[in-house]
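>>> Starting from these lines, generate the structure:
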Amino acid sequence: METSTNLIMTFINQGNSKVSLSVQDPREDITEAEIKEAMELVVSKNIFAPNGLDLVSAVDAKVVVTETTPFDLVIG
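As a prediction, this is how the structure comes out:
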């Protein structure tokens, strides 16, 4: 079984649409305050403009852990 961890940060852009940024393998001890600070920095420094639309506010964030079980199927 394989496990992957992603930090998903969601923002609102100028078009009032939600935009998510994903960071693979965030630090296990990352705090809510650190995530909030990073998201505020992304917005204030205008670091990303997906589809040409600036991010205007941070909405939420979550850490998602996914377990994947591969199957070695022989078909035929």
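>>> what about residue 35, distance to residue 60?
Per CB to CB, to the nearest Å, residue 35 is found 10 Å from residue 60. From N, CA and C alone the C-beta is placed, and that goes for glycine too.
>>> anything in contact with each of those two?
Counting by CB atoms under 8 Å, 6 or more residues apart in numbering, the shared contacts of residue 35 and residue 60 are residue 9.
>>> any chance you could map the helices in this protein?
Applying DSSP state H to the chain gives helices spanning 32-44.
>>> Look through it and tell me its longest strand.
Determined from DSSP state E, the single longest strand within the chain is strand 55-68.
>>> Between residue 35 and residue 60, tell me which one has more neighbours.
Per other CB atoms under 10 Å, whichever of residue 35 and residue 60 has more neighbours is residue 35, with 19 against 12.
>>> Spit out the contact partners of the closest residue to that one other than its chain neighbours.
Closest residue in space to residue 35, ignoring its immediate chain neighbours: residue 61 at 4.9 Å, by CB to CB, 6 or more residues apart in numbering. By CB under 8 Å, 6+ apart, the residues touching residue 61 are 7-10, 32, 35-36, 39.
>>> Swap in 7 Å and give it another go.
Contacts for residue 61 (CB atoms under 7 Å, 6 or more residues apart in numbering) come out as 7-10, 35, 39.
>>> of those, closest to residue 69?
For the contacts of residue 61, the residue nearest residue 69 by CB to CB is residue 8; the value is 21.9 Å.
>>> I figured that closest one hits residue 64, correct?
Yes: using CB atoms under 7 Å, residue 8 is in contact with residue 64, at 5.8 Å.
>>> These two: which is more packed in?
More neighbours surround residue 8 than the other of residue 8 and residue 64, with 14 against 10 (other CB under 10 Å).
>>> And the pLDDT for the more buried one?
pLDDT for residue 8: 98.
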